[in-house]
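1. Return atomic coordinates for the entry below.
(one chain, ligands or ions: 1)
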Amino acid sequence: MSADPSPRLRAVPDAPGPDDVAPSVDGDGPPGFDPRDLDVKAKQIAYHDWESRTYDEKFSISYDQRCIDYARERFHKVVPEGAGFGSVLEVGAGTGFFLINLALGGCLDGAELAATDISEGMLEVCARNGAEHGLAIATRQGDAEALPYDDESFDLVVGHAFIHHLPVPGAAIREMHRVLKPGGTLVIAGEPTEIGDRLSWLVKRNTYRAFRAATVLPGLSSLRKPSLREQGGSATDEVLAGLEHEVDLHTFRPGDVEHLARLVGFGNVEVVTEELTANWFGWAVRTIEGSIRPGLLGSRWAFTAYHGYLKLSRFDEVVLQRVVPRSVFYNLILHARKPYRH
Ligand SMILES: C[S@@+](CC[C@H](N)C(=O)[O-])C[C@H]1O[C@@H](n2cnc3c(N)ncnc32)[C@H](O)[C@@H]1O
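-> Okay, the predicted model is just below:
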């Protein structure tokens with residue numbers, strides 16, 4: 001098992017910050033190619049195609065009990081056990097983390113599975129991951145803001161950690177409404193709230209600074225993870241890695257997301273949020289994992305991190321969710337139904 005307590009925390013120090021990015025792309029990319037000149041959607045494609053090769057490893061994504069439990073719990077926070085669906089689409093599916101783990105967890109039994117993403121690279125990995133777990137996933141490259149499917153095609157549309165990448169998230173929510181059959185269900189999980197993201201950024205930054213300061217001490221600099229260049233990456237790799245800071249476009253207020261969903265025609269709209277101290281703990285762990293030389297943290301670290309994360313998640317749910325406003329928690333889950341026609 002990976003040391004990363006939550007499979008869903010985004011890495012920070014792996015990639016150079018905007019100030020650290022090489023000023024020009026030399027020799028090893030196509031002549032004249034500079035990903036920083038691309039428009040916002042082409043940047044998403046360039047970054048996620050590049051990231052698809054290492055995405056599962058980077059985010060500690062697996063298709064085993066740990067990730068199955070994580071996906072099932074998110075889903076069943078808003079959808080009752082035993083709900084059945086004939087056809088399911090995941091939008092912004094990436095390598096298939098949510099769809100595949102939901103299917104393996106028995107949430108999508110008997111359903112036809114489809115996945116779309118703007119990145120072909122991600123979809124190739126998604127289809128491969130599905131096949132490795134006995135799942136046939138029909139993949140189709142497309143933009144969430146103009147989905148490549150007919151009206152009223154699916155009983156369930158899901159998404160995980162992707163609408164914050166879209167220039168116009170409301171356009172994607174309208175599209176998901178369009179491709180749902182009347183009575184169909186929408187579930188979007190893993191989106192960052194505005195306040196939760198700010199708080200987690202403080203944790204991330206302070207952990208990173210503390211780690212850097214500690215590794216300035218004599219003899220400790222060898223603890224630091226080698227840079228991409230030192231690991232054999234090219235200048236193009238470095239620039240593409242730097243796009244990580246440009247592809248995250250939004251954070252959300254729960255009430256705004258509910259409003260958007262109602263505006264495009266959804267009914268039974270609800271937004272729930274989760275993870276506060278668990279998220280801070282997870283970010284601190286993930287930041288250290290992303291900063292330290294690979295191989296130095298052993299299985300005891302992995303065990304402690306995972307179980308620490310689970311305990312804090314329980315504390316957040318049982319204690320803090322009673323007293324802390326929902327806007328402060330990090331992860332947002334949207335659940336809505338498309339009304340039947342009268
Ligand atoms: C953080 S990843 C999440 C992937 C996956 N859902 C998961 O949870 O692991 C964001 C995904 O959104 C996709 N994406 C970004 N912009 C998109 C767009 N306009 N339309 C569809 N997918 C998009 C990216 O290619 C990437 O696969």
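
2. Run through the residues of the stretch 51-200 of the chain sitting next to the ligand.
-> 92-94, 97-98, 117-119, 122, 143-145, 160-162, 165-166, 190 (C-beta under 6 Å from any ligand atom). Where C-beta positions appear, they are placed from N, C-alpha and C, glycine not excepted.

3. redo that, cut-off 8 Å
-> Residues of the stretch 51-200 of the chain lying near the ligand by C-beta under 8 Å from any ligand atom: 51-52, 55, 59, 61, 90-98, 116-119, 122, 142-145, 159-162, 165-167, 172, 190.

4. pretty sure residue 187 contacts residue 75?
-> Yes - in this structure, residue 187 is within contact of residue 75 by C-beta atoms under 8 Å, at 6.3 Å.

5. circling back to that earlier point, in ChimeraX, how would I select the buried members of the residues of the stretch 51-200 of the chain next to the ligand?
-> In ChimeraX syntax, the buried subset of those is picked out as below (16 or more other C-beta atoms under 10 Å):
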select :51,52,55,59,61,90,91,92,93,94,95,96,97,98,116,117,118,119,122,142,143,144,145,159,160,161,162,165,166,172,190
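
6. Next, the nearest residue to residue 176 once chain neighbours are set aside: phi, psi?
-> Using C-beta to C-beta, 6 or more residues apart in numbering and skipping the chain neighbours, the partner closest in space to residue 176 is residue 157 (4.7 Å). Note on residue 157: its backbone torsions stand at phi -120, psi 130 [degrees, to the nearest 10].

7. Then the one 10 residues further on?
-> With angles defined as degrees, to the nearest 10, residue 167 sits at phi -60, psi -40.

8. Does it touch residue 42 like I think?
-> No - with contact defined as C-beta under 8 Å, residue 167 does not count as touching residue 42 (11.9 Å).

9. related to what we said a few turns ago, taking the residues of the stretch 51-200 of the chain next to the ligand one by one, which sit in helices?
-> Residues of those located in helices (DSSP state H): 51, 52, 55, 97, 98, 122, 172.

10. how about whichever residue of the stretch 51-200 of the chain sits closest to the ligand, what does it touch?
-> Using C-beta to the nearest ligand atom, residue 94 is the residue of the stretch 51-200 of the chain that sits closest to the ligand, at 2.4 Å. Neighbour list for residue 94: 48, 52, 55, 117, 119, 122, 125, 126, 160, 161, 162 [criterion: C-beta atoms under 8 Å, 6 or more residues apart in numbering].

11. hmm, try it at 7 Å
-> The contact partners of residue 94, taken as C-beta atoms under 7 Å, 6 or more residues apart in numbering, are 55, 117, 122, 126.

12. possible to save these as JSON lines with pLDDT?
-> Formatted as JSON lines, these follow (pLDDT from 0 to 100):
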{"residue": "55", "pLDDT": "94"}
{"residue": "117", "pLDDT": "98"}
{"residue": "122", "pLDDT": "98"}
{"residue": "126", "pLDDT": "98"}
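
13. could those be laid out in JSON lines, adding distance to residue 38?
-> Shown next, in JSON lines, are those (distance: C-beta to C-beta, whole Å):
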{"residue": "55", "distance to residue 38": "19"}
{"residue": "117", "distance to residue 38": "17"}
{"residue": "122", "distance to residue 38": "17"}
{"residue": "126", "distance to residue 38": "23"}
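
14. now, among the residues you listed, which is nearest to residue 277?
-> For these, the residue nearest residue 277 by C-beta to C-beta is residue 55; the value is 26.8 Å.

15. Excluding chain neighbours, what is closest to that closest one?
-> residue 95 (5.3 Å).

16. Let me know the pLDDT of the one you found.
-> At residue 95, the pLDDT value in this model is 98.
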